[in-house]
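K.L.:
The sequence and its predicted three-dimensional model are supplied below.
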Amino acid sequence: MKGRAAVLYKPYGAFELEVHPVPDPGDDGIVLKVEYTGICGTDLHIYKGDERGQQFPAVLGHEVVGRVAALGRSRKTDSLGRALKEGDRIVPGPSVACGRCYFCRCLGQPVLCSQMGAYGSAVVGGDYFLGGFAEYMHLGLLGSPVYKVNLEPRVAVLMEPLTMGIHSAEVGKVSIGDTVVVLGTGAIGLTSVLASRLAGASSVIAVDLDNPARLKIAQLVGAGRIYRRDQFELEQIVDGVRQASVHGLGADVVINATGMPAATVNEGLKLLRNGGTYVDVGSFSDTGASTLNFSSEVLRRGIKLFCVPDTGDRYFAKAVAVLENGGIDFEALVSHQFGLDKISDVFRPLAHKESLDGRQPVKVLLDPSLR
């Protein structure tokens, strides 16, 4: 069996559509026929050369949904114990923890695995199907997590960003009655809005620079107030957050999903009440250092700082439950859909934060079946 893959050979290069043999699944692996792959901010950072140590050639894409095309002999169930067979719709997890290192076995923190494997990165050993920007995806890393779903594919493809939102709300200990501010309304910011509302927050406030399309969707998924940073001074937003909080002191939790902590960490801290919790979930690439007076802005105020570096089974299980329960218009996050042959034309404007087809992008999907 052969398939097409969109191969990137250098930063800002054109994606080359190439035909390669698709590996067999082996004993434990899975070959997935890709239905949709979402374009993530991490993909854009790799494209722009922002990821230190990134190797090329690369086949990107880790937000994936598809059907099982071939199943390894010993692979009987998904990561939640659901029976698997060819034709089932599954969502693969992007990271594969080793299960043997100190972080996995002793600390119970597989997100910090010292031997973490990953999909949607470099071509390894001549395998051009380790990423979702292809017609097939080879889940050949030992113990690759997969999640069987009973969902439409345009919803299921959003599961990985939802796990990050759920993880952020859980790390921030969002609870009933809280006021939560989410900075940034990309896919992870929007799912953080939703997860905070599901966790019981009475008031969720979304802030973005200048993207009204995303802020409108933030309202659809649970934001009671929205602020365009280019239209409001920081002091106005601080006052609005205090008015929205039941105690008038500011946000109980701030979730920073901007991917630009150097520019936004101080603003986020100003929105927090003393004793509040600051969670960073967007800083997957090095965007520079922040200037922060740790004594006056963090320690003396009793601020708790957390970060969300990755996702895992715990959060995928919760995301499956949320999505399969229904009642949420998740497809509203999808703004654009293109075939693999358009991938270079799509990445160039996205990398420069430009519109696509005259519309602001929210979540952009690639559909390998489109020609």
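P.N.:
Nice, I can see it. Numbers count the residues shown, from 1 in each chain.

K.L.:
From what I see, Val91 and Pro153 are in contact.
P.N.:
No - in this structure, Val91 sits apart from Pro153 without contact. The criterion is C-beta atoms under 8 Å, and the distance is 9.5 Å. C-beta: built from backbone N, CA, C; applies to glycine.

K.L.:
ok, those two, which is more surrounded?
P.N.:
In this comparison of Val91 against Pro153, neighbours counted by other C-beta atoms under 10 Å, the higher total goes to Val91 at 28 against 18.

K.L.:
Following the chain onward from the one helix or strand that one maps to, which element is next?
P.N.:
Counting by DSSP states H and E, the secondary-structure element that holds Val91 is strand 89-92. Past strand 89-92, heading to the C-terminal end, the next element that is a helix or strand (DSSP H and E) is strand 95-96.

K.L.:
ok, back up a step: what touches both of Val91 and Pro153?
P.N.:
Val65 (C-beta atoms under 8 Å, 6 or more residues apart in numbering).

K.L.:
Can you spell out which helices and strands pack onto the strand holding Val91?
P.N.:
Contacting strand 89-92 under the criterion 3 or more C-beta pairs under 8 Å, 6 or more residues apart in numbering; DSSP states H and E are the following elements: strand 30-38, strand 63-71, strand 146-148, helix 153-156.

K.L.:
from the ones you listed, which stretch is densest packed?
P.N.:
Between these, the one whose residues have the most neighbours on average, counting mean count of other C-beta atoms under 10 Å, is strand 30-38 (a mean of 24).

K.L.:
Paired strands for that one, with orientation please.
P.N.:
Strands that pair with strand 30-38, judged by DSSP bridges, come out as strand 63-71 (antiparallel), strand 136-139 (antiparallel), strand 363-366 (antiparallel).

K.L.:
And the second one, what's buried?
P.N.:
Residues Tyr136, Met137, His138, Leu139 are the ones in strand 136-139 that count as buried (16 or more other C-beta atoms under 10 Å).

K.L.:
all helices for the stretch 201-350 of the chain, in order.
P.N.:
Counting by DSSP state H, counting those that start in this stretch, one finds helices in the stretch 201-350 of the chain at the ranges 212-220, 234-244, 261-271, 294, 313-325, 343-351.

K.L.:
closest to Leu8 out of those helices?
P.N.:
If you check each of the helices of the stretch 201-350 of the chain against Leu8 by C-beta to C-beta, helix 343-351 wins as the nearest, at 8.8 Å.

K.L.:
pLDDT (mean, whole number) over the strand holding Val91?
P.N.:
When pLDDT is averaged along strand 89-92, the result is 97.

K.L.:
per-domain residue ranges of this protein.
P.N.:
When the chain is parsed into structural domains using automatic domain parsing, the resulting residue ranges are 2-157+329-366, 161-307.

K.L.:
distance between the ends of the shortest one?
P.N.:
I take that to be domain 161-307. 15 Å (C-alpha to C-alpha, to the nearest Å).

K.L.:
Val182: which element?
P.N.:
According to DSSP H and E, Val182 maps onto strand 179-183.

K.L.:
Spatially central, which residue of the chain would that be?
P.N.:
Among the residues of the chain, the smallest C-alpha distance to the mean C-alpha position (C-alpha atoms, centre = their mean) belongs to Pro161, namely 3.4 Å.

K.L.:
ok, now which ones touch that one?
P.N.:
For Pro161, the contacting residues are Gly38, Cys40, Glu63, Ala187, Ile188, Leu190, Thr191, Lys363, by C-beta under 8 Å, 6+ apart.

K.L.:
Now do the lowest-mean-pLDDT helix or strand in the chain: which elements does it pack against?
P.N.:
Within the chain, judged by mean pLDDT, DSSP states H and E, the helix or strand with the poorest mean is helix 261-271; its value is a mean of 83. Using 3+ C-beta pairs under 8 Å, 6+ apart, the elements in contact with helix 261-271 are strand 179-183, helix 234-244, strand 251-256, strand 272-280.

K.L.:
Include mean neighbour count when you put the ones you listed into JSON lines, please.
P.N.:
Shown next, in JSON lines, are the helices and strands packed on helix 261-271 (neighbours: other C-beta atoms under 10 Å):
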{"stretch": "strand 179-183", "mean neighbour count": "33"}
{"stretch": "helix 234-244", "mean neighbour count": "16"}
{"stretch": "strand 251-256", "mean neighbour count": "29"}
{"stretch": "strand 272-280", "mean neighbour count": "21"}
